[in-house]
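> fold the following.
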Amino acid sequence: MSFFSDTAKVFVRESRPIFYDPFTPVFSLAQPLVFLALLGPLVAATPGIPGESPWQWFVPGIVVMVSLFGTSMTGSNLQYEMTTGSHERIMVAPLNRAAIMTGKALKEIAPLVVQGAIIVLVMLPFGFRLYPLGALLGLAILAVLGIGLGALSYALALASQGKEWLFWGVQQTLLFPLLILSGMMLPLEQGPAWMRAVSTVNPLTYIVEAERTLFAGEYAWDVVGPGVVAAVATAAVGLTVGILTMRRQTV
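Numbers count the residues shown, from 1 in each chain. Alright, predicted model coming up:
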């Protein structure tokens, strides 16, 4: 019970700044909105885009991109806490260290869901069709994904303590290959064989396909199932790595 109560305490502590400053998650949508405005028309003009409209194909990819960008950078907040001494005070508190990492990772859920919902609402006047149940299931998958990615980002921040350049170097090096090789922005069906082969080992590929299926109002388990498995596996790996890294840290 101590683990769950400590997780709740850390979750509340980490979530409180969001309620005090709700505009920060909204302003972080600037880059995805630029992608929608500038890359969206190019995708819409690309022949062979599947789905009832190009926006039904493109918007779910942008929603996944919001999750990837936001959670992969969240470790920078932990680095700031380490430089100010705030993190040290948490570490010496009588809290379960696994609960500290879990509470921090769970905090990622609320911003992701809000940001994803905003993206969908913004695109409704432009021809994007909303299927409420599919959208809710899609956001739930992204919430699970965000927990894993957030935990991995925190683990990277702890591992690169005192070396901010290392955190950003690793984050940026991994971010864009994962993005491009998942087919978020452009379809990979016409790409080179090696890109299609690499995309099969990218968990985000299956999550993107699941999101597109759900946001289209379809529930084919042969597509959605692998996306669910990929999100759960990412969360499990992320929390395991994050908790081990947190337990090994010395104050």
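> show me where the stretch 101-250 of the chain has helices.
For the stretch 101-250 of the chain, the helices defined by DSSP state H, counting those that start in this stretch occupy 109-123, 132-159, 164-180, 193-199, 203-215, 221-248.
> mind checking what secondary structure the residue located most distally from the centre of the chain has?
The centre of the chain is farthest from one residue, residue 94, which by Cα atoms, centre = their mean lies 29.9 Å away. Per DSSP: H, G, I helix; E, B strand; the rest coil, the local secondary structure of residue 94 is coil.
> would you list the phi and psi of it?
With angles defined as degrees, to the nearest 10, residue 94 sits at phi -80, psi 60.
> cool, and residue 216?
Backbone geometry at residue 216, expressed as degrees, to the nearest 10, gives phi -90, psi 0.
> surely it meets residue 130?
No - counting by Cβ atoms under 8 Å, residue 216 stays clear of residue 130, with 10.7 Å between them. Quick note: C-beta positions are derived from backbone N, CA and C, even for glycine.
> from the middle of its chain, how far away would stretch 163-171 be?
Counting by Cα atoms, centre = their mean, to the nearest Å, stretch 163-171 is centred 18 Å from the centre of its parent chain.
> who touches that stretch?
Stretch 163-171 has contacts (Cβ atoms under 8 Å, 6 or more residues apart in numbering) with 72, 73, 75, 76, 79, 153, 156, 157, 160.
> show me the contacts for the first one.
This means residue 72. Contact analysis of residue 72 by Cβ under 8 Å, 6+ apart lists 149, 152, 153, 171, 174, 175.
> repeat that for 7 Å
Listed by Cβ atoms under 7 Å, 6 or more residues apart in numbering, the contact set of residue 72 reads 149, 153, 171, 175.
> closest one of the residues you listed to residue 35?
Checking the contacts of residue 72 against residue 35 with Cβ to Cβ, the nearest one is residue 175 at 13.9 Å.
> return the distance of that closest one relative to residue 192.
Per Cβ to Cβ, to the nearest Å, residue 175 is found 21 Å from residue 192.
> cool, residue 55 as well?
From residue 55 to residue 192 the distance is 27 Å (Cβ to Cβ).
> which of these two has more neighbours?
A count of neighbours by other Cβ atoms under 10 Å puts residue 55 above the other of residue 55 and residue 192, at 22 against 9.
> can I get whichever strand or helix holds that one in PDB, CA atoms only?
Element membership for residue 55 (DSSP states H and E) is helix 54-72. What follows is helix 54-72, C-alpha atoms only, in PDB (Å, rounded to 0.1, in the frame of the first residue of the first chain):
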ATOM      1  CA  PRO A  54      -6.000  12.600 -46.300                       C
ATOM      2  CA  TRP A  55      -6.800  14.300 -43.000                       C
ATOM      3  CA  GLN A  56      -8.100  11.100 -41.500                       C
ATOM      4  CA  TRP A  57      -4.700   9.600 -42.300                       C
ATOM      5  CA  PHE A  58      -2.500  12.600 -41.300                       C
ATOM      6  CA  VAL A  59      -4.100  13.900 -38.100                       C
ATOM      7  CA  PRO A  60      -3.600  10.700 -36.100                       C
ATOM      8  CA  GLY A  61       0.100  10.700 -37.000                       C
ATOM      9  CA  ILE A  62       0.300  14.300 -35.700                       C
ATOM     10  CA  VAL A  63      -1.400  13.200 -32.500                       C
ATOM     11  CA  VAL A  64       1.200  10.500 -32.000                       C
ATOM     12  CA  MET A  65       4.000  13.000 -32.800                       C
ATOM     13  CA  VAL A  66       2.600  15.300 -30.000                       C
ATOM     14  CA  SER A  67       3.000  12.300 -27.600                       C
ATOM     15  CA  LEU A  68       6.500  11.500 -28.800                       C
ATOM     16  CA  PHE A  69       7.800  15.100 -28.700                       C
ATOM     17  CA  GLY A  70       6.200  16.000 -25.300                       C
ATOM     18  CA  THR A  71       7.200  12.900 -23.400                       C
ATOM     19  CA  SER A  72      10.700  12.600 -24.800                       C
END
